[in-house]
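> My questions are about this predicted structure, shown below with the sequence.
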Amino acid sequence: MGTAPARLSPDRPALRVRGVHKTYPGAAAPALDGVDLTLHPGETLAVLGPSGSGKSTLLRAIAGLEPLDRGTVEFGDPDERLAVVFQDPGLFPWLSVRANIALGGRYRRNRDRFDEAHVDELLGILGLAELARTPVQELSGGQAQRVSVGRALAVRPDVLLLDEPFSALDPATRQDLQQWLRGLVRELSLTVFLVTHDVEEALVLGDRIGFFGGPAGFTRQWVPARDGATAEQILAHYRGTDAAGGAWEI
Ligand SMILES: Nc1ncnc2c1ncn2[C@@H]1O[C@H](COP(=O)(O)OP(=O)(O)OP(=O)(O)O)[C@@H](O)[C@H]1O
């Protein structure tokens, strides 16, 4: 379909993070202390890990929202576009669904990728066509989060960064949106970095699952399609009872 960018070379990583260090002003210890990561075009990396281990800091570092002390974040293509979705949809309540999605394309450097027909196409993909004129303050949490994803997609991103996008939703809505996102990511060939606290969500969405153990980075990786992975194995890693831990190149 027309919205799929799929412009990234499959031979080059979509994203490469090397030796990233970040200490917040006044903090006694670094939040990130030499983190490495490679993300390939079209894959979804689901990032799990304990609260406070630095997952959101890493996501913001990748998004360019966090100044780094050292290290590099490189993209596979100079034109590569990023879009970010946070837990809070952060919509303009008085604007309609359509206007909120259209904002994503209008006020960025990526005007060249934006057009009105694309917004209409997205409304269809997102299952929001019937709500296009509804002010977003009248939406449910799940509908609002779909609009937030739509606003991100309006810039035709190559890489989508998702920070606990569904954690504020009820379990049934969350499960529906996970399935919906899974289809969407495949349809649009998106490369995805997903931070989540939900092990099932990581298993549903992740081509790879990385466990972010703390400032030094990842301590374990699972590739469910290749090796299989269960919630129990992952929980064992949370509990520190998994023998396979250690510094893990991912
Ligand atoms: N803006 C900030 N200023 C100072 N310290 C911060 C800031 N944001 C995060 N931190 C600290 O950096 C560390 C990593 O936080 P971060 O939010 O990245 O972790 P996280 O793994 O995403 O946590 P959670 O799963 O609870 O969202 C924590 O010790 C946190 O207190």
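Arrived safely, thanks for sending. This structure is a prediction, so every number in the text was calculated from the model and none was measured. Residues are numbered from 1 along each chain as shown.
> any idea which helix is longest in this structure?
Secondary structure of the chain per DSSP state H: the longest helix is helix 171-187.
> who are the neighbours of that one, in terms of helices and strands?
In this structure, helix 171-187 packs against helix 141-153, helix 199-205, with contacts taken as 3 or more CB pairs under 8 Å, 6 or more residues apart in numbering; DSSP states H and E. To be clear about C-beta, it is placed using only N, CA and C from the backbone, and glycine gets the same treatment.
> and the angle from it to helix 141-153?
Interaxial angle, helix 171-187 versus helix 141-153 (axes from the mean of the first three to the mean of the last three CA atoms, to 10 degrees): 20 degrees.
> May I have helix 171-187 as CSV, with CA atoms only?
The C-alpha trace of helix 171-187 is given here as CSV (Å, rounded to 0.1, in the frame of the first residue of the first chain):
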residue,chain,number,x,y,z
PRO,A,171,-6.5,-5.3,29.6
ALA,A,172,-9.0,-6.0,26.8
THR,A,173,-8.4,-2.7,24.9
ARG,A,174,-4.7,-3.2,25.4
GLN,A,175,-4.8,-6.6,23.9
ASP,A,176,-6.9,-5.3,20.9
LEU,A,177,-4.5,-2.5,20.3
GLN,A,178,-1.5,-4.8,20.5
GLN,A,179,-2.9,-7.0,17.8
TRP,A,180,-3.8,-4.0,15.8
LEU,A,181,-0.3,-2.5,16.1
ARG,A,182,1.2,-5.8,15.1
GLY,A,183,-0.7,-5.8,11.9
LEU,A,184,0.1,-2.2,11.2
VAL,A,185,3.8,-2.6,11.8
ARG,A,186,3.9,-5.4,9.3
GLU,A,187,1.8,-3.7,6.8
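> Report the angle between the helix or strand following that helix and helix 171-187.
Using DSSP states H and E, the helix or strand that follows helix 171-187 in sequence is strand 191-195. Between strand 191-195 and helix 171-187, the angle formed by their directions is 160 degrees, by the same axes, to 10 degrees.
> Name every strand pairing with strand 191-195 and say which way it goes.
Taking DSSP bridges as the criterion, strand 191-195 sits next to strand 44-48 (parallel), strand 159-163 (parallel) in its sheet.
> Make JSON lines out of those and add mean neighbour count and distance to the ligand.
Shown next, in JSON lines, are the strands paired with strand 191-195 (neighbours: other CB atoms under 10 Å; distance: least, CB to the nearest ligand atom, whole Å):
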{"stretch": "strand 44-48", "mean neighbour count": "25", "distance to the ligand": "9"}
{"stretch": "strand 159-163", "mean neighbour count": "24", "distance to the ligand": "8"}
